[in-house]
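S.K.: coords below, sequence missing:
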Ligand SMILES: Cc1cc2nc3c(=O)[nH]c(=O)nc-3n(C[C@H](O)[C@H](O)[C@H](O)COP(=O)(O)OP(=O)(O)OC[C@H]3O[C@@H](n4cnc5c(N)ncnc54)[C@H](O)[C@@H]3O)c2cc1C
């Protein structure tokens, strides 16, 4: 049987760069709480914070199966977009796009304030983001995104192959564009800071996986290895793993993707890596590769996908290294210092599993590849929904996850579709 929580083979490379922190103790006894939240990621932390602004005197228990920084929220590539992702962008539906972008941008400002309140030092800068195409498929995706940016009157720069080579030091791409609407962060630092900014009234338990949930006499019971939580209101903020607790089973998939960081590159290589010293590049294909150059002069590559399982470490290392060297042949002698995997809560149509599933049971999952800011916004709105406050029509803004067939048809469908897409878009992988 699959575990009800992620259990990664490899350490998170971002977290390995930070000093050790003392985790909050695991739950070791039975407790009673007004509210329980499963998952201390962007979504769960936002729920806890928002609930406390509504009801500062109520008890809130926040549990996570991992340690903050080491788990999924610390494993991403650190892009905090102020606008929709390319796949979400829709030039034909501008009013909706503008309003959702405004909510996302305001949420990002709140994240920046929370970082400041935490007093923690976080590498985060409004570095913007590149999108670059290595093939005609990628070029068509860039053209669609450009149409969206133009229609939305958002600024951007169009870039030729030689512009890209001059700025990021890679001649792999044919063309691209740069948009300033993105922050780049060290994600393990970021999630540690957001966690540290939670009010003391939230009781946090790390290394505490929820094994099952159950409705008992109109209350909820969460079972964990060494203690149970009884609560009136339960939030599932554990992303793809909500389905292991019985929710979103016909909509959610855990899609594993991988990232690797080089060591800090020697100064002798800096001049071969273009004029821009802190940048991020998002793929033009949904299965394509993400790249970053970090403030401490490492290169990051994020690439490859596996359905519901994490690939072997040696396979991940080989495939990421090959893709990095294809883009940066000048780094041929450099290997990756760390590689790791993470699970994305994937839905077939990119829509969400969001709302009240059963009386007193609320869920937010399925942010796909872009949930740091969106997850924060959705967590906050979910807490608003649970207290009966006015909330915008989230499904209208971000879509509703569509139905997927059961196994084994689902896995077969995924493998066939991804093989075909990877073949057609192979230059972007
Ligand atoms: C390699 C990689 C790169 C990515 N890059 C980006 C990016 O650059 N920008 C971006 O916006 N998004 C990115 N994403 C996606 C992003 O990480 C997610 O959308 C985001 O983390 C979702 O936040 P969340 O809080 O909803 O869920 P998560 O971050 O997945 O947090 C869920 C939490 O629940 C915990 N949990 C799970 N099951 C249980 C259980 N049974 N009991 C207790 N706790 C449990 C997990 O340990 C985890 O801490 C990336 C993802 C990966 C894997």
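M.R.: Okay, I see it. The shown structure was predicted, so the numbers you read here are calculated from the model rather than taken from an experiment. Numbers count the residues shown, from 1 in each chain.

S.K.: now do the contacts for residue 285.
M.R.: By C-beta atoms under 8 Å, 6 or more residues apart in numbering, the contact set of residue 285 is 137, 138, 141, 421, 425, 428, 429. (C-beta placed from N, C-alpha, C; glycine too.)

S.K.: any idea how far it is from residue 47?
M.R.: Per C-beta to C-beta, to the nearest Å, residue 285 is found 33 Å from residue 47.

S.K.: cool, and residue 82?
M.R.: Look at residue 82 and residue 47: by C-beta to C-beta, they are 22 Å apart.

S.K.: rewinding a little: just flag the most distant two among the contacts of residue 285.
M.R.: Spanning the widest gap among the contacts of residue 285 are 141 and 429, at 13.7 Å by C-beta to C-beta.

S.K.: now do the strands in the stretch 251-400 of the chain.
M.R.: Assigned by DSSP state E, counting those that start in this stretch, the stretch 251-400 of the chain shows strands spanning 253-261, 279-282, 290-293, 299-307, 338-346, 353-358, 361-365.

S.K.: could you dump those strands to CSV with mean pLDDT, distance to residue 331 and mean neighbour count?
M.R.: Converted to CSV, the strands of the stretch 251-400 of the chain look like this (pLDDT from 0 to 100; distance: least, C-beta to C-beta, whole Å; neighbours: other C-beta atoms under 10 Å):
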stretch, mean pLDDT, distance to residue 331, mean neighbour count
strand 253-261, 97, 12, 23
strand 279-282, 97, 15, 24
strand 290-293, 98, 11, 23
strand 299-307, 96, 7, 22
strand 338-346, 96, 15, 24
strand 353-358, 97, 40, 18
strand 361-365, 98, 37, 26
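
S.K.: so which of these gets nearest the ligand?
M.R.: strand 338-346 (2.6 Å; C-beta to the nearest ligand atom).

S.K.: what's in contact with the closest one?
M.R.: Outside strand 338-346, the residues that reach it (C-beta under 8 Å, 6+ apart) are 6, 8-13, 16, 72, 75-76, 239-242, 252-261, 310-311, 313, 316-317, 320, 365-369, 371.

S.K.: just the buried members of those?
M.R.: Using 16 or more other C-beta atoms under 10 Å as the burial test, the contacts of strand 338-346 include 6, 8, 10, 12-13, 72, 75-76, 239-242, 252-261, 310-311, 316-317, 320, 365-369, 371 as buried.

S.K.: near the ligand too, which of those residues?
M.R.: The overlap between the buried ones among the contacts of strand 338-346 and the neighbours of the ligand (C-beta under 6 Å from any ligand atom) comes to 6, 72, 75, 76, 239, 241, 257, 259, 367, 369, 371.

S.K.: I'd guessed the third one sits against residue 14; true?
M.R.: Yes: here residue 75 reaches residue 14: they are 7.2 Å apart, a contact under C-beta atoms under 8 Å.

S.K.: which neighbours do the two share?
M.R.: Here residue 75 and residue 14 share the contacting residues residue 187, scored by C-beta under 8 Å, 6+ apart.

S.K.: before we move on, the earlier item: so for residue 82 and residue 47, which sits in the more crowded spot?
M.R.: Neighbours per residue (other C-beta atoms under 10 Å) separate residue 82 from residue 47, with residue 47 holding more: 33 against 22.

S.K.: Three-state assignment for the more buried one, please.
M.R.: Using DSSP: H, G, I helix; E, B strand; the rest coil, the structure places residue 47 in helix.

S.K.: how far away is it from the ligand?
M.R.: Using C-beta to the nearest ligand atom, to the nearest Å, residue 47 is found at 9 Å from the ligand.

S.K.: which residues does that residue contact?
M.R.: Shown in contact with residue 47 (C-beta under 8 Å, 6+ apart): 37, 235, 237, 364, 379, 380, 382, 383.

S.K.: nearest residue to it other than its sequence neighbours?
M.R.: Using C-beta to C-beta, 6 or more residues apart in numbering and skipping residues adjacent in sequence, the residue nearest residue 47 is residue 379, 4.3 Å away.

S.K.: same check on residue 272?
M.R.: Nearest to residue 272 is residue 330, by C-beta to C-beta, 6+ apart, at 4.6 Å.

S.K.: restricted to helices, list the contacts of strand 338-346.
M.R.: Among those, the members falling in helices (DSSP state H) are 13, 16, 313, 316, 317, 320.

S.K.: any regions of the stretch 51-200 of the chain where pLDDT drops low?
M.R.: Within the stretch 51-200 of the chain, the segments meeting pLDDT under 70 span 84-92.

S.K.: all strands of it, in order?
M.R.: Using DSSP E, counting those that start in this stretch, the strands found in the stretch 51-200 of the chain span residues 60-63, 79-81, 124-125, 129-133, 157-160, 175-179, 182-185.

S.K.: to the ligand, which of those strands lies closest?
M.R.: Closest of those to the ligand is strand 79-81, at 3.4 Å (criterion: C-beta to the nearest ligand atom).

S.K.: so what's residue 403 up against?
M.R.: Contact analysis of residue 403 by C-beta under 8 Å, 6+ apart lists 250, 251, 348.

S.K.: which one's more surrounded, residue 141 and residue 429?
M.R.: Higher neighbour count among residue 141 and residue 429: residue 141, with 22 against 19, using other C-beta under 10 Å.

S.K.: what is the mean pLDDT for stretch 30-47?
M.R.: Stretch 30-47 comes out with an average pLDDT of 98.

S.K.: buried ones in that stretch?
M.R.: Quick answer for stretch 30-47 (16+ other C-beta under 10 Å): 31, 33, 35-47.

S.K.: do the same with stretch 413-427
M.R.: By 16+ other C-beta under 10 Å, the buried positions in stretch 413-427 come out as 414, 418, 421, 422, 425, 427.
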